[in-house]
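Enquirer: sequence-free structure coming up:
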Ligand code: 8YV
């Protein structure tokens, strides 16, 4: 008798090639249309599935996990960050959590550079002028931004993405500085010519650009709080492609409005799509709708990783991208 196929619920639309492969392998419930599942729908999915495939828009808290069915054994997250899942509660209930690290590193690092360039070189302003048909020709003093080369970049979080940002920034002639829970291997520091700062306060007070590349965890929540934001140079630019919660968004908005901070390039926000409206009014701020990893290649590779995690689990082994609470 053939083994029972795993019942898998996917909460959002994924690339067609990924969905097709899932249909071949699992008894899969795909999402159509692609709207966000409410809390009740998510709980219902967790009651009927062996495996749930959520993504960043699905909050999965302890209360919901308590209502999960006996058969739910794996949450195979479609994405690297798992701060929307209570991983410790899942673990206590014997539910494994896996993610998709590695495949969105380069795309996210590209977007970090794009935001940095957009703010420093005032790209949105030029674009808006062209689109409005307002450009009247070149002028020596128009659209003056700041040179990227020679600037000091402080990377907060020197994991895979932080290092990929550092590589790119070096090619742009920037000086690399970083703060991390642990100092990275000497060979990596040498390759990147990176200076380690044990004190975040001391680092941020000296940087021209700060890039947030650490995950959101209880210990990184509001790491850039009002006090730390006041340490920044008034010309400093902050770029965030990680999670909005790492910065106190209201304090950042106040600092930008008061010209105590030079500018910001933000792909992520503290309350998801509920952005502080004042941020939208600021000329030195570039906002993007969480599109750091949004390439079709990346999305397909994320799907392949999810499938590999589920398949490995189904075959009785530990999923390769298992998230363990202690590593967060
Ligand atoms: C993903 C991300 O697109 O992987 C992450 O942590 O932030 C994104 O770039 C998203 O999480 C998909 O769930």
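Expert: Yes, it's here. Worth saying up front: this structure is predicted, and the values here are computed from it rather than measured.
Enquirer: Only C-alpha atoms from now on, for both contacts and neighbour counts.
Expert: Fine.
Enquirer: What is the neighbour count of whatever residue of the stretch 101-250 of the chain ends up closest to the ligand?
Expert: Going by Cα to the nearest ligand atom, the ligand is nearest to residue 242 of the stretch 101-250 of the chain, at 6.3 Å. Residues contacting residue 242 under the criterion other Cα atoms under 10 Å number 24.
Enquirer: Look at it and report its pLDDT.
Expert: pLDDT, residue 242: 98.
Enquirer: One more: the one 5 residues further on?
Expert: Note on residue 247: pLDDT of 98.
Enquirer: which residues touch it?
Expert: 221, 222, 223, 224, 225, 270 (Cα atoms under 8 Å, 6 or more residues apart in numbering).
Enquirer: show me what contacts the fifth one?
Expert: If you count contacts by Cα under 8 Å, 6+ apart, residue 225 has them with 247, 248, 251.
Enquirer: circling back: compare the contacts of residue 247 and tell me which is most surrounded.
Expert: Within the contacts of residue 247, most neighbours by other Cα under 10 Å means residue 224, with 22 neighbours.
Enquirer: what's it in contact with, if anything?
Expert: 246, 247, 248.
Enquirer: filter those down to the ones near the ligand?
Expert: Among these, no residue sits close to the ligand (Cα under 6 Å from any ligand atom).
Enquirer: Need the nearest residue in space to the residue nearest to the spatial centre of the chain, chain neighbours excluded.
Expert: In the chain, the residue lying closest to the centroid (Cα atoms, centre = their mean) is residue 242, at 3.4 Å. Nearest residue to residue 242 in three dimensions, chain neighbours excluded: residue 213, at 5.3 Å (Cα to Cα, 6 or more residues apart in numbering).
Enquirer: Distance-wise, check that neighbour relative to residue 173.
Expert: Residue 213 sits 20 Å away from residue 173, going by Cα to Cα, to the nearest Å.
Enquirer: ok, now residue 322?
Expert: For residue 322, the distance to residue 173 (Cα to Cα) stands at 37 Å.
Enquirer: For the two, indicate the residue with more neighbours.
Expert: residue 322 (17 against 14).
Enquirer: Is the more buried one in contact with residue 99, as I believe?
Expert: Yes. Between residue 322 and residue 99 there is a contact under Cα atoms under 8 Å: 6.8 Å.
Enquirer: tell me the secondary structure for residue 195?
Expert: Under DSSP: H, G, I helix; E, B strand; the rest coil, residue 195 falls in the strand class.
Enquirer: Can you give me the neighbour number for residue 140?
Expert: Per other Cα under 10 Å, the neighbour tally for residue 140 reads 6.
Enquirer: Residue 112 too?
Expert: Neighbours of residue 112 under the rule other Cα under 10 Å: 29.
Enquirer: out of everything not next to it in sequence, what's closest to it?
Expert: residue 241 (6.2 Å).
Enquirer: need the contact list for residue 157.
Expert: Contacts of residue 157 by Cα under 8 Å, 6+ apart are 178, 179, 180, 181, 212, 213, 214, 215.
Enquirer: Rebuild these as TSV, extending it with neighbour count and distance to the ligand.
Expert: Output for those, formatted as TSV (neighbours: other Cα atoms under 10 Å; distance: Cα to the nearest ligand atom, whole Å):
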residue	neighbour count	distance to the ligand
178	27	21
179	23	20
180	19	18
181	11	19
212	26	12
213	26	11
214	24	11
215	22	8
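Enquirer: how about those residues in JSON lines, adding pLDDT and secondary structure?
Expert: JSON lines is the format used below for the contacts of residue 157 (pLDDT from 0 to 100; DSSP: H, G, I helix; E, B strand; the rest coil):
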{"residue": "178", "pLDDT": "98", "secondary structure": "strand"}
{"residue": "179", "pLDDT": "98", "secondary structure": "strand"}
{"residue": "180", "pLDDT": "98", "secondary structure": "coil"}
{"residue": "181", "pLDDT": "95", "secondary structure": "coil"}
{"residue": "212", "pLDDT": "98", "secondary structure": "strand"}
{"residue": "213", "pLDDT": "98", "secondary structure": "coil"}
{"residue": "214", "pLDDT": "98", "secondary structure": "coil"}
{"residue": "215", "pLDDT": "97", "secondary structure": "coil"}
